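Enquirer: Build me a model from this:
(chains A, B, C and D)
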2 protein chains.
Amino acid sequence: MTTRGGDGTATPAVKTRKPRSSRTGRATMADVAERVGISAITVSRAFKRPELVMPELRQRILDTAQSMGYVPNQAASALASARSMTVAVLIPSMTNMVFVETLAGIHDMLLPRGYRALIGVTHYSPEEEERLIRTYLQFQPDGILLTGTDHTAVARTYLSALASPTVHMMELLDDPDSLSVGCSQEEGGRLMTTHLLERGYRRIGFVAVQLDPRTLARLDGYRHALEEAGLYDEARVWRLPDPSSIHLGAAMIDRLMAENTDCDAVFFCNDDLAQGALFQCQRRGIRVPDQLAVAGFNDLPASAWTTPTLTTVATPRYAIGRHAAAMLLDLMDGKEPPQRRLDLGLTFIAREST
Amino acid sequence: MTTRGGDGTATPAVKTRKPRSSRTGRATMADVAERVGISAITVSRAFKRPELVMPELRQRILDTAQSMGYVPNQAASALASARSMTVAVLIPSMTNMVFVETLAGIHDMLLPRGYRALIGVTHYSPEEEERLIRTYLQFQPDGILLTGTDHTAVARTYLSALASPTVHMMELLDDPDSLSVGCSQEEGGRLMTTHLLERGYRRIGFVAVQLDPRTLARLDGYRHALEEAGLYDEARVWRLPDPSSIHLGAAMIDRLMAENTDCDAVFFCNDDLAQGALFQCQRRGIRVPDQLAVAGFNDLPASAWTTPTLTTVATPRYAIGRHAAAMLLDLMDGKEPPQRRLDLGLTFIAREST
DNA sequence: CACAATTATGTTAGCGCTATCATCATCAGG
DNA sequence: CCTGATGATGATAGCGCTAACATAATTGTG
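Expert: Here you go, the predicted structure:
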């Protein structure tokens, strides 16, 4: 059946089988097959299941393909096989090293297995995340990696309806239906605050910016630790929706001075901010940690080099990326991952600033 | 003619039209069309060419699609239309802010036009770039953005053979067949060196790391400026293949001291390094700029905050991303961009460290 | 040595969409 | 009214690939 060459008396000049190369000018599998004198499926196998093709023939196919400049068409492959070999990865920001390092972990895990990451930046907005999810679902990703657990209702619907394997990164979920890899941000906040209390600080401030769920969880940890010590004071908490930056950290020191706060220590919700604060303290001659202790979060590279060096909490973001990707690979293989909730812990790093 | 429905006595029971939903369980255009009581092509148009469908019908289609959780299949669309709406972007590193900001410029230009970026990281290796080009060509990108002009012969062959519009970023090409957007790295090196000479420094060192083409171009600029002044001395040039980092910058200060160099100024090939150097100078009590002047390149955010603040050259990387993407959009539309070689210039920033 | 098992390759159909052309209203203008 | 232009929708084929099954060639085994 089907439209074969002439079949007798079909109108001519219409079925002119193009000599080679597709519409786009690129060579196709059929072109390679014809040149080698075999069928297209064998070319397909030479690329996708090489162990099914005799070594000598396979080599001949690959050589011919190379010489013709043939490159498999991923769209056709995805359509025919219903596997896109693509993983959608949504992160809040790309200027924040934390997520870039997570991405590196994801890449290092996925690439050797032939999967590619489709990266989306949500700018910390669940609405933008929803839009990106919708967009990226068009690519029929075989899996999805999301940052955090704060998604819109519509996004949740999409995710559950389409049933693509999904893993949440950075924060931990208690819901047994969801998979997550991360660390407890709340514990991080508590860890640092406890350290400051142990060091003898009693009037500890907290500067929260961006106000994303992870920052707020750190703030919770801070608050709980101080409440337990009977030292929590709302007046020592600053909340700003602005994105984090060195500049903002410096500005916060100016503001603290201008407001004449009584803080003997300030816990900044991340290292960018804390570094800015240290720079500005140096500039203004504020002695750290004697006059004011400064603490950060995340342990960025520069934090080990500032004067004084910055006390912080290191988050295992590269490992989070790796493990999240590994979990996803298991799911995409139809296997159940060893754990559905993986806490990779935190490392407290005491340095000179406290 | 051509293969019509049954043509008479075709084997029956083969044509069982599946009730709805594809193999993957996802709703298809045909499902939506059936539900609305129209043909699939109209659904396609409602999404891709909305102006061709009556507003009321279009709304009904979109609503139905939404309620069915329908998401267009990008692979099928790409296959049928020969347009992937995807642009491959290759950058050397993701941990280097310079390229991340370029990416942001690219995104901001491409997304509103419906194009998506497929990001690849070459780790400064032309061989890895070649591999990525091959991989990403499988996605039949409608355009390609490359960093630099240093590609393998095979990569060049691929690019010219497949004739996807390509724009080179960061460096400038004189070849009239290639498109490029960037700034003169050589001029940047020259600019800084001239500044140091004007400031009275006579024994100016240069620290080159990574040794990518852009770094070497800066080194060339430095060398030419010093040669013109009759002050070039190979002994004051350090070349290290290691990746740039704050740590390495600090280590270089130690090394300079250990080697007892006579430099009165050191031009580091980028700000990471220079920042590390400033940190270490502070630590070791080396007075900058009196004892040793320090200069960087790129103007990273922290460079305005270090003690002392860092003299550097700002590169227009965000603008480079935007303009490169804009140029590519023109090409993909079949238009000739206004210029094939766009020099966006540099901004010299004199600060306290020199 | 017949038969099943295994290995290597081929045939067919169809993935879900869109390009292309065809059809059918509708309507202005003579 | 008829003509042709315009606008809205539909029918058909096919993009380039792979799943699923079919076939042919080879091997082992009792």
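Enquirer: For chain A, give me the ranges with low pLDDT.
Expert: Low-confidence regions of chain A, defined by pLDDT under 70, span residues A:1-23.
Enquirer: Domain parsing of it, as residue ranges.
Expert: With automatic domain parsing as the criterion, the domains of chain A are listed as A:1-72, A:85-183+A:318-346, A:185-314.
Enquirer: what helices or strands is the helix or strand where A:Glu101 lies leaning on?
Expert: Taking DSSP states H and E as the definition, one finds A:Glu101 inside helix A:97-110. Helix A:97-110 is packed against strand A:86-91, strand A:116-121, strand A:143-147, helix A:317-332, with contacts defined by 3 or more C-beta pairs under 8 Å, 6 or more residues apart in numbering or on different chains; DSSP states H and E. All C-beta atoms are positioned from the backbone trio N, CA, C, and that covers glycine.
Enquirer: want to try CSV for the ones you listed, with distance to DNA strand D and mean neighbour count as columns?
Expert: Output for these, formatted as CSV (distance: least, C-beta to the nearest atom of the strand, whole Å; neighbours: other C-beta atoms under 10 Å in any protein chain shown):
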stretch, distance to DNA strand D, mean neighbour count
strand A:86-91, 14, 25
strand A:116-121, 15, 22
strand A:143-147, 17, 25
helix A:317-332, 14, 22
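Enquirer: Any chance of JSON lines for those, columns distance to DNA strand C?
Expert: Formatted as JSON lines, the entries for the helices and strands packed on helix A:97-110 read as follows, by distance: least, C-beta to the nearest atom of the strand, whole Å:
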{"stretch": "strand A:86-91", "distance to DNA strand C": "15"}
{"stretch": "strand A:116-121", "distance to DNA strand C": "18"}
{"stretch": "strand A:143-147", "distance to DNA strand C": "18"}
{"stretch": "helix A:317-332", "distance to DNA strand C": "18"}
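Enquirer: need those in a markdown table with distance to A:Ser160, can you?
Expert: Shown next, in a markdown table, are these (distance: least, C-beta to C-beta, whole Å):
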| stretch | distance to A:Ser160 |
| --- | --- |
| strand A:86-91 | 15 |
| strand A:116-121 | 19 |
| strand A:143-147 | 12 |
| helix A:317-332 | 14 |
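Enquirer: where exactly do the strands run in the stretch 251-354 of chain A?
Expert: Taking DSSP state E, counting those that start in this stretch as the criterion, the stretch 251-354 of chain A contains strands spanning A:265-268, A:293-295, A:312-314, A:341-343, A:347-349.
Enquirer: Ranking the ones you listed by mean neighbour count, which comes first?
Expert: strand A:265-268 (a mean of 30; mean count of other C-beta atoms under 10 Å in any protein chain shown).
Enquirer: That one pairs with which strands?
Expert: Here the strand partners of strand A:265-268, with direction, are listed using DSSP bridges: strand A:204-209 (parallel), strand A:293-295 (parallel).
Enquirer: Can you list the buried residues in the first one?
Expert: For strand A:204-209, the buried set under the neighbour-count rule, 16 or more other C-beta atoms under 10 Å in any protein chain shown, comprises A:204-209.
Enquirer: mind putting those residues in JSON lines, distance to A:Asn270 included?
Expert: Output for the buried residues of strand A:204-209, formatted as JSON lines (distance: C-beta to C-beta, whole Å):
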{"residue": "A:Ile204", "distance to A:Asn270": "16"}
{"residue": "A:Gly205", "distance to A:Asn270": "15"}
{"residue": "A:Phe206", "distance to A:Asn270": "12"}
{"residue": "A:Val207", "distance to A:Asn270": "9"}
{"residue": "A:Ala208", "distance to A:Asn270": "10"}
{"residue": "A:Val209", "distance to A:Asn270": "8"}
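Enquirer: quick check, nearest of those residues to DNA strand C?
Expert: A:Val209 (41.6 Å; C-beta to the nearest atom of the strand).
Enquirer: which residues does that closest one contact?
Expert: A:Val209 is in contact with A:215, A:239-244, A:248, A:269-270, A:273, counting by C-beta atoms under 8 Å, 6 or more residues apart in numbering or on different chains.
Enquirer: at 7 Å instead, please
Expert: Contact criterion C-beta atoms under 7 Å, 6 or more residues apart in numbering or on different chains gives A:215, A:240, A:242, A:244, A:248, A:269, A:273 as the residues in contact with A:Val209.
Enquirer: surely the last one meets A:Leu248?
Expert: Yes - contact status for A:Leu273 versus A:Leu248: in contact at 6.2 Å, counting by C-beta atoms under 7 Å.
Enquirer: higher neighbour count, these two?
Expert: The neighbour count for A:Leu273 versus A:Leu248, taken as other C-beta atoms under 10 Å in any protein chain shown, is higher for A:Leu273 (29 against 20).
Enquirer: Please tell me how far that one sits from A:Pro308.
Expert: Applying C-beta to C-beta, to the nearest Å, one obtains 16 Å for the distance of A:Leu273 from A:Pro308.
Enquirer: Could you do A:Gly37 as well?
Expert: In this structure, A:Gly37 lies at 73 Å from A:Pro308, with C-beta to C-beta as the measure.
Enquirer: Mind checking which of these two has more residues around it?
Expert: More neighbours sit around A:Pro308 than around the other of A:Gly37 and A:Pro308, counting by other C-beta under 10 Å; the figures are 17 against 8.
Enquirer: gap between the nearest residue to the more buried one once chain neighbours are set aside and A:Met192?
Expert: Distances taken as C-beta to C-beta, 6 or more residues apart in numbering or on different chains put A:Glu352 closest to A:Pro308, at 3.4 Å, once the chain neighbours are dropped. When distance is defined by C-beta to C-beta, A:Glu352 is 15 Å away from A:Met192.
Enquirer: Could you check which of those two is surrounded by more residues?
Expert: Between A:Glu352 and A:Met192, counted using other C-beta under 10 Å, A:Met192 has the larger neighbour count: 30 against 15.
Enquirer: Is the more buried one in contact with A:Val266, as I believe?
Expert: No - with contact defined as C-beta under 7 Å, A:Met192 does not count as touching A:Val266 (11.1 Å).
Enquirer: picking that back up, need the domains of chain A in JSON lines (columns: distance to B:Ala163).
Expert: Output for those, formatted as JSON lines (distance: least, C-beta to C-beta, whole Å):
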{"stretch": "domain A:1-72", "distance to B:Ala163": "7"}
{"stretch": "domain A:85-183+A:318-346", "distance to B:Ala163": "23"}
{"stretch": "domain A:185-314", "distance to B:Ala163": "41"}
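Enquirer: Looking at those, which is nearest to B:Leu331?
Expert: domain A:1-72 (15.6 Å; C-beta to C-beta).
Enquirer: pretty sure A:Leu248 contacts A:Ala274?
Expert: No - when contacts are counted by C-beta under 7 Å, A:Leu248 is not listed as touching A:Ala274 (10.9 Å).
Enquirer: Any residues of chain A in contact with DNA strand C? List them.
Expert: Taking C-beta under 7 Å from any atom of the strand as the test, the list of chain A residues beside DNA strand C reads A:1-2, A:38-42, A:45, A:52-54, A:57, A:76, A:79-80, A:82.
Enquirer: closest to chain B among the buried residues of strand A:204-209?
Expert: Taking C-beta to the nearest C-beta as the measure, A:Val209 is the one of these closest to chain B, at 14.9 Å.
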